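Student: give me a 3D structure for the following:
(one chain, ligands or ions: 2)
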Amino acid sequence: MAIAQRTAPTEIPAGVQDRAGRPEWGSDLIMDMLRLLDIEYAAVLPGSTFRGIHDSAVNYTANTKPEFILCNHEMITVSMARGYWRASGKPMVAIVHNVVGLLNTTMTIYDAWVDRSPVIVLGGTGPLNSQNRRPWIDWIHTANVQGNFVRGITKWDDQPGSVASIPESILRAYRKAMTEPAGPVYVCFDIDLQEEALPANYQLPDVNRYKLAPPPEPDRGALREAARLLVGAELPMCFADRVGQSAEAVRRLVELAELLAMPVIDLGFRWSFPSGHELDFDGMKNDLLKEADVVLGLECMDLEGSMKLPVNYTTRQADKVDNPNQRVIHASVDELIHGGQTTDFQPLPAVDVPILANSAVTLPLLLEEVRRLLDAGAQARIDRRRSALADKQKALREKQKAGVERLWDRPQISETRLAGELWEAVQKEDYIFTHGRFRRMCPGVVQIPGPERHVGGGGAGAVGAMPGVCLGSSLALRDSGKVPVCILGDGETLSSIQALWTAAKYGIPGLWVINNNHSYYNDENHQELIAKFRGRPPENKTVAMRMQDPPVDFATIARTFGLHGEGPVKEANDLQPAFKRAIEAVKEGQLAVVDVWTETRAHA
Ligand SMILES: Cc1ncc(C[n+]2csc(CCOP(=O)(O)OP(=O)(O)O)c2C)c(N)n1
Ligand SMILES: [Mg+2]
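Tutor: Ligands and ions are numbered 1, 2, ... in the order given. Predicted coordinates for the structure are as follows:
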């Protein structure tokens, strides 16, 4: 049964006529521009520096298109916008108060930046005319220049100097955010501009004349060389990373992989290759790298790092595979966005055939070139490889199966069991995962075809961003009939627990499964490693690390917001009934939280 279709519970302002297109004030113009750009939602946490915008949203555009979505922490506003884009391909706006609101967003703006997600952050400041400032508060909430706080982690920021400059500023923000490589932008509006009267008969711009340019096409010479290397290879392999931002690109990648019998490793920023496919070789990267004579990277965030053997977490070192004749192709537009504020540009990969284009554009053209070059000799080599890979894949699946079996029946529920049971429960549904390292949690078992069933991972590893991201994806999917599902850590959930209120308020459904190991476990693992390295007692790794005494009761917290709560589930046998009840609640349009007490996972 598909999820129930509901009418979205918009707060309709009393006695207001939607008067879009006839702006009277600077802030009316801002709302007009957002509507012209087809922005459906703006996530907000209110503040007096955007009282003009807030008034226009309510009393001018009648809280529709964009509709304001109230959040209880600014980091959730930005995360929601990011999740919304991931699931819909459309940008969403976050509007935040002056200095303090903006500072609260910074972690999630960075997360969006590393995720190459177009989030349009708007804010207020001032008044810049100090004569108009209230004592104290307006002074501490004004900055010169406010965008400086996020300049290194946004593609662009602006602070228009007149009402007449507002349309251009918003249009450019939209274009900058959306043009690949996509990323967050910030536009700050002086209070005085928001509250300034517009000239009578103000004319709005024709936004159709400012359309986004299509993404750049790859150089034909580079494409031909890439095809030549791939067709002539003994063993080509592929690392796929942001490919899954386009479902069509994933289909083309499957076609290419099948045509060439080329194993693929999905690096995890998106769901870029079907798990369980005969060429899904996640888990066998190291063996393949030693043999592969050609590596095809597709939009890899860290190609160089991905081509290394596992990291020794104590020394932080990772060795490069010794394969001197290996040739590397990389299609990516990431280089166009790298800045100097943070080192998210990663180590510079050695690449023989660089292609400055995304995979959605590159793959169809590469397929054509490869097909053109395939001759009988190449075909014979590919056929031999296909059967050799089938044996390798069989061995890989057996190893994965044994690994999963080893972690299935444990005194406490393992992360693997949790993921396997969740997969069992949701695969019968019209599901879509909005987050979760699902491929690695229960390898070989979960079979997810592509981004239409999993919007992927990715970001800056910022604990606390994901609840908002999942909520934003679920907002985008609210009327799709799909059941949005995610697995969240207890630590990350608690960091943004107030996101549950927004879910309740706006009827945003979703199944949130909390992998509750009562710990910031990732760091427990680090404490154990360092203590052992220094010859100190590793048992102390749990100090200032565990969320016990008292434990966090996520199901009760969910219920206090009027949401469906299950658990804590402590026995594996109770998982299926809990998931079943929770999925029923989701189908009725609710967010359901299932708190599962898990064991801390085995570490590296
Ligand atoms: C903002 C932020 N603070 C701290 C960290 C360090 N950190 C990385 S993972 C992690 C643990 C997260 O806990 P939880 O969500 O429960 O996941 P678990 O590791 O227990 O599975 C922490 C604290 C971080 N990445 N980001
Ligand atoms: Mg945890």
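Student: give the contact list for the residue lying closest to E196 once chain neighbours are set aside.
Tutor: Closest residue to E196 apart from its sequence neighbours, by CB to CB, 6 or more residues apart in numbering: G26 at 4.6 Å. Using the backbone N, CA and C atoms, a C-beta is placed for each residue, glycine as well. By CB atoms under 8 Å, 6 or more residues apart in numbering, the residues touching G26 are 52, 163, 166, 189, 193-196, 198.
Student: neighbours around A592, how many?
Tutor: Look at A592: counted by other CB atoms under 10 Å, it has 27 neighbours.
Student: tell me the strands beside the helix or strand containing it, with direction?
Tutor: For A592, the host element (DSSP states H and E) is strand 591-597. With DSSP bridges as the test, strand 591-597 is paired with strand 510-516 (parallel), strand 564-569 (parallel).
Student: run through who's touching the first one.
Tutor: In this structure, residues lying in contact with strand 510-516 by CB under 8 Å, 6+ apart are 415, 418, 422, 426, 434, 467, 470-471, 474, 483-490, 493, 503, 551-552, 554, 558, 567-568, 579, 582-583, 586, 591-598.
Student: what's the following helix or strand after it?
Tutor: Tracing the chain C-terminally past strand 510-516 and defining elements by DSSP H and E, one meets helix 521-533 next.
Student: longest helix in the protein, please.
Tutor: Using DSSP state H to define each element, the chain has its longest helix at helix 376-406.
Student: backbone torsions only: list them for the residue nearest to E196.
Tutor: phi -50, psi -40 (degrees, to the nearest 10).
Student: try I170
Tutor: Backbone dihedrals for I170, given as degrees, to the nearest 10, come out at phi -70, psi -40.
Student: please tell me how far it sits from ligand 1.
Tutor: 30 Å (CB to the nearest ligand atom, to the nearest Å).
Student: quick one, what contacts that residue?
Tutor: 30, 33-34, 37, 187.
Student: top of the contacts of G26 by number of neighbours, please.
Tutor: Neighbour max across the contacts of G26 (other CB under 10 Å) = F189, 29 neighbours.
Student: where does the nearest residue to it once chain neighbours are set aside fall, helix, sheet strand or coil?
Tutor: Nearest non-adjacent residue to F189, counting by CB to CB, 6+ apart: G124, 5.4 Å away. Assigned with DSSP: H, G, I helix; E, B strand; the rest coil, G124 falls in the strand class.
Student: surely G124 is in contact with D192?
Tutor: No. Assessed by CB atoms under 8 Å, G124 is found out of contact with D192, at 10.2 Å.
Student: more neighbours, those two?
Tutor: Between G124 and D192, counted using other CB under 10 Å, G124 has the larger neighbour count: 29 against 16.
Student: which elements pack onto the longest helix of the chain?
Tutor: Applying 3 or more CB pairs under 8 Å, 6 or more residues apart in numbering; DSSP states H and E, we find helix 376-406 packed against helix 415-426.
Student: what's the angle from the helix it packs on to strand 564-569?
Tutor: 140 degrees (axes from the mean of the first three to the mean of the last three CA atoms, to 10 degrees).
Student: hang on, D192 packs against G126?
Tutor: Yes. The pair formed by D192 and G126 meets the contact definition of CB under 8 Å, at 6.3 Å.
Student: between the two, which contacts overlap?
Tutor: N132.
Student: buried residues in the longest helix of the chain, which are they?
Tutor: For helix 376-406, the buried set under the neighbour-count rule, 16 or more other CB atoms under 10 Å, comprises 378, 381-382, 385, 389, 393, 396-397, 400, 403-404.
Student: for the chain, where's the lowest mean pLDDT among helices and strands?
Tutor: helix 438-441 (a mean of 86; mean pLDDT, DSSP states H and E).
Student: check which helices and strands the following helix or strand past it is in contact with.
Tutor: Next along the chain after helix 438-441, taking DSSP H and E as the criterion, comes helix 466-476. Using 3+ CB pairs under 8 Å, 6+ apart, the elements in contact with helix 466-476 are helix 74-88, strand 431-435, strand 483-489, helix 490-495, helix 499-505, strand 510-516.
Student: save those as CSV, and put in distance to G444 too.
Tutor: Shown next, in CSV, are the helices and strands packed on helix 466-476 (distance: least, CB to CB, whole Å):
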stretch, distance to G444
helix 74-88, 26
strand 431-435, 17
strand 483-489, 17
helix 490-495, 26
helix 499-505, 32
strand 510-516, 19
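Student: export the ones you listed to JSON lines and tack on mean pLDDT, distance to ligand 1 and mean neighbour count?
Tutor: As requested, these are arranged in JSON lines below (pLDDT from 0 to 100; distance: least, CB to the nearest ligand atom, whole Å; neighbours: other CB atoms under 10 Å):
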{"stretch": "helix 74-88", "mean pLDDT": "97", "distance to ligand 1": "9", "mean neighbour count": "29"}
{"stretch": "strand 431-435", "mean pLDDT": "96", "distance to ligand 1": "11", "mean neighbour count": "25"}
{"stretch": "strand 483-489", "mean pLDDT": "97", "distance to ligand 1": "2", "mean neighbour count": "25"}
{"stretch": "helix 490-495", "mean pLDDT": "98", "distance to ligand 1": "3", "mean neighbour count": "21"}
{"stretch": "helix 499-505", "mean pLDDT": "97", "distance to ligand 1": "14", "mean neighbour count": "22"}
{"stretch": "strand 510-516", "mean pLDDT": "98", "distance to ligand 1": "6", "mean neighbour count": "28"}
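Student: M545 is nearest to which of the ones you listed?
Tutor: Smallest distance to M545 across those (CB to CB): 9.7 Å, for helix 490-495.
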